[in-house]
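Enquirer: my questions concern the predicted model and sequence given below.
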Amino acid sequence: MSLYWSLIAIGLFTGSIYGLGALGLVLTYKTTGVFNFAYGAVAMFCAYVYWQLHDKSHITAWISLPLLVLVVAPVIGLLFEALFRPLAGLSAEIPIVVTLALLAFFVQAATSIWGGQAQYFQSIIPTSTFRLGSFHVGYDQLGTLIILIISGIGLWWLLRHSRFGTATRAVVDNGDLASMIGVSAPSVRRSAWVVSSIFAALVGVLLSHSQTLTPNNLVLVALAATTPAVLARLTSFPWAFGGALGIGVLFSLLTKVSTTGWVANLISSGPWLLLLLFLIVLGSQLKEAGISVRPMGGGTSAAVASGSEATPRSRAQRAALAGVAAFVLAVLLPTFLNGSDVGNLTDGAIWALIAVTLVVLTGWAGQISLCQFTFVGVGSFAIGHLAGAHGGNFVAATLAGMGIAGALGLVVGAIAVRLKGLYLALATLAVALIFDFAIFETVGISGGITGIFDHRPHIAGVSFVSTTSLYELCVCVLGVVLAVAFLISRGPVGRRLLILRDSPLAASTLGVNLTVTKLVTFALCSVVASLGGALYGVYLQSITPLNFQFQWSLALLLYVVFAGRTRLSAAVLTGALAMVQPFAHNPTVFAYLQLGVAVGVVGLGRVPEGTIALSIQEAKRTLSVMRPRPRRSLDFEVMARRPLEVHSGA
């Protein structure tokens, strides 16, 4: 019995930390309409700052903690408020992508500053224990629980019995009416961001002494606060905190079931399984804050970019000719490069192939996906298990992986039918993390830490063992997929996807079956991503679960958004970005690349068309200024002077 009480105490301790994080998420969402995907990254970054102050610089906790909570965290909160203030009134998908970019920014910033190595954290509270009844209680656990309860009660009092709480309720209920009665909505939102960042800092510090301090690990642990926040429908503080306590106790008790094997993997993915379950069950009751007034794809310009009827035929022909020329150049490149550079080009071609699926799914259909590399992993592991010792069954194994990925895509598509925007992004995030923790970590599927080996393919008696032949295979597959996607964008299916993205209500009015369209789009994009995974596996040859973690899906999304999510050329630019790290032969370059892309995505918050469209617009503007004046204007000037010349001659 004492064991159960100990597990309950541990569950309450962990749950209270998640509860504090959930309160911060609910607070910012209620007041600003922004769900902060970067919340866990802020917690992680603040934990590193505290570690630098306290453990590295040996500054006492009595100075380090107030400095973190009263200076560093509020500055981060003010930064968030300044970034999201100009995005008010835009489509809900734009703040989602920006917060995801900020997540990547803080992770890569921590990696660049502190190296990303695992650090061991000194607890801010003594770790000794005392006896309570028949079991031992740690002072750190009790102290943490007291701090969190005081924080929760303090927030409750602030919202119920202070002018800030009154102003917050006024802004949440009716922002326009609040301004009429003298309540400053910007000030309330600014305060909410600051308080939420302080909570994130406390979560990061309190979690770090029980977790190994690494960027990705702590981000995912802190992001688990999303589950109780969704249980509370992102509106109820008591439900958020109480749900977090219940979830903490539940999974603490479940650890008694098993600590090894697939059961332990399943338990470790428990918060994400619950999140997915909550989203499915509560789907019809979940409403997004704010009003979407601008489509994610960028409206008319996006339609032009993607090749709809608004694009002149001559422009489409030029695009087709440019694509053919680029394909011919890509095929001839190995003639001028050495083997390692050809391998890098192969990596870029595969990333471009996977990116096409996100252009279609997110850019054209408006469906955010954070689990594309999950489908890539399905294709890669299928090759490892089914292709044979010499890759002779590559085609059959690829088709099997595509079938499995297609079925999984139908499941995700069925979820997408009930959800959209923020909640669809959360659902695909949950799917990705469930596979990361429960499926891909299973030794029988992925080989665990050691991974499995994917043999180079033999297709119809033709060997693709050499680097050059594999590159040519990948380029040919990419060329076919790009050609098919281009033809789709020019036809009725492409127009149907654009209508689905810009106005689902209008699409249903025009006879577009939203359910079938979403299901088919997710399934086909999953199938193509699995095809890319098959090629990715034989390119890497040795694959592990680390190759398909959520962070790669996030990087893919940010690359595509940075390039211009509605353009097929963005997929090619994504492939070029993916080649930077191996070309540089420096592992830190990829971190700086992602850092730069994240900054770019944040900067492009109001320009959802991406860098390609922005570059084309600037080039046209520059050329229009440099273009010589029309001849006709010179004729008019001569005619204007003639009366004067005649008069002066007279």
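Expert: Yep, that arrived.

Enquirer: number of nearby residues for Gly600?
Expert: If you count neighbours by other C-beta atoms under 10 Å, Gly600 ends up with 17. Quick note: C-beta positions are derived from backbone N, CA and C, even for glycine.

Enquirer: show me the contact partners of the helix or strand it falls within.
Expert: For Gly600, the host element (DSSP states H and E) is helix 587-603. The set of residues external to helix 587-603 that reach it, using C-beta atoms under 8 Å, 6 or more residues apart in numbering, is 83, 97-98, 100-102, 104-105, 108-109, 111-112, 116, 555, 558-559, 561-562, 577, 580-581, 611.

Enquirer: in helices only, show me the residues you listed.
Expert: Applying DSSP state H to the contacts of helix 587-603, the entries found in helices are 83, 97-98, 100-102, 104-105, 108-109, 111-112, 555, 558-559, 561-562, 577, 580-581, 611.

Enquirer: most centrally placed residue in this structure?
Expert: Leu554 (3.9 Å; C-alpha atoms, centre = their mean).

Enquirer: now Val572: how far from Tyr559?
Expert: According to C-beta to C-beta, to the nearest Å, Val572 stands 11 Å off from Tyr559.

Enquirer: neighbours of the closest residue to Tyr18 other than its chain neighbours, just the number please.
Expert: Leaving aside its sequence neighbours, Tyr18 sits nearest to Ala244 (C-beta to C-beta, 6 or more residues apart in numbering; 4.1 Å). The number of residues packed near Ala244 is 31, by other C-beta under 10 Å.

Enquirer: ok, Leu142 next?
Expert: For Leu142, the tally of surrounding residues (other C-beta under 10 Å) stands at 16.

Enquirer: with Val475 instead?
Expert: Neighbours of Val475 (other C-beta under 10 Å): 22.

Enquirer: does it touch Leu332 like I think?
Expert: No - using C-beta atoms under 8 Å, Val475 is not in contact with Leu332, being 10.3 Å away.

Enquirer: in terms of pLDDT, where does the residue nearest to the centre of the chain sit?
Expert: At Leu554, the model reports a pLDDT of 91.

Enquirer: leaving out chain neighbours, which residue sits closest to Leu482?
Expert: Leaving aside its chain neighbours, Leu482 sits nearest to Leu568 (5.9 Å; criterion: C-beta to C-beta, 6+ apart).

Enquirer: now that neighbour: phi and psi?
Expert: Backbone geometry at Leu568, expressed as degrees, to the nearest 10, gives phi -70, psi -30.

Enquirer: quick one: least confident helix or strand in this protein?
Expert: Ranked by mean pLDDT, DSSP states H and E, the weakest helix or strand in the chain is helix 299-306, scoring a mean of 40.

Enquirer: run through who's touching the following helix or strand past that helix.
Expert: From helix 299-306 onward toward the C-terminus, using DSSP H and E, the following helix or strand is helix 313-332. For helix 313-332, contacts defined as C-beta under 8 Å, 6+ apart pick out Gly307, Leu345, Ala349, Glu472, Val475, Gly479, Leu482, Ala483, Phe486, Arg490, Val572.

Enquirer: just the closest of those to Tyr39, please.
Expert: Val572 (33.5 Å; C-beta to C-beta).

Enquirer: need the pLDDT of the closest one.
Expert: 91.

Enquirer: element containing it, please.
Expert: According to DSSP H and E, Val572 maps onto helix 569-578.

Enquirer: elements contacting that helix?
Expert: helix 339-358, helix 550-563, helix 610-626 (3 or more C-beta pairs under 8 Å, 6 or more residues apart in numbering; DSSP states H and E).

Enquirer: in TSV: those helices, plus distance to Gln367.
Expert: TSV is the format used below for the helices and strands packed on helix 569-578 (distance: least, C-beta to C-beta, whole Å):
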stretch	distance to Gln367
helix 339-358	10
helix 550-563	12
helix 610-626	17
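
Enquirer: Leu7: which of these is closest?
Expert: Across the helices and strands packed on helix 569-578, Leu7 has its closest neighbour in helix 550-563 (28.4 Å, C-beta to C-beta).

Enquirer: tell me the angle of that closest one relative to helix 339-358?
Expert: Angle, helix 550-563 to helix 339-358, by axes from the mean of the first three to the mean of the last three C-alpha atoms, to 10 degrees: 80 degrees.

Enquirer: how far off centre is helix 550-563?
Expert: Chain-centre distance of helix 550-563: 7 Å, with C-alpha atoms, centre = their mean, to the nearest Å.

Enquirer: which helices and strands sit right next to that helix?
Expert: Secondary-structure packing of helix 550-563 (3+ C-beta pairs under 8 Å, 6+ apart): helix 93-114, helix 339-358, helix 372-386, helix 421-434, helix 569-578, helix 587-603, helix 610-626.

Enquirer: return the most buried member of those.
Expert: Sort the helices and strands packed on helix 550-563 by mean neighbour count, taking mean count of other C-beta atoms under 10 Å, and helix 372-386 sits at the top with a mean of 27.

Enquirer: alpha carbons only: can I get it in CSV?
Expert: What follows is helix 372-386, C-alpha atoms only, in CSV (Å, rounded to 0.1, in the frame of the first residue of the first chain):
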residue,chain,number,x,y,z
GLN,A,372,4.9,13.8,-42.4
PHE,A,373,8.2,12.2,-41.3
THR,A,374,6.0,9.6,-39.5
PHE,A,375,4.9,8.4,-42.9
VAL,A,376,8.5,8.6,-44.1
GLY,A,377,9.5,6.3,-41.3
VAL,A,378,6.8,3.8,-42.2
GLY,A,379,8.2,3.6,-45.7
SER,A,380,11.8,3.2,-44.5
PHE,A,381,11.2,0.5,-42.0
ALA,A,382,9.0,-1.4,-44.5
ILE,A,383,12.1,-1.6,-46.8
GLY,A,384,14.3,-2.8,-43.9
HIS,A,385,11.9,-5.7,-43.1
LEU,A,386,10.6,-6.6,-46.6
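
Enquirer: that one: what's the following helix or strand?
Expert: Past helix 372-386, the next helix or strand by DSSP H and E is helix 394-418.

Enquirer: Val97 against Leu557, yeah?
Expert: Yes - with contact defined as C-beta under 8 Å, Val97 reaches Leu557; the gap is 7.3 Å.

Enquirer: got any residues that touch both of those two?
Expert: Ile368.

Enquirer: could you chop the chain up by domain?
Expert: Domain segmentation of the chain under automatic domain parsing yields 2-285, 320-608, 613-649.

Enquirer: with that, I have no additional questions.
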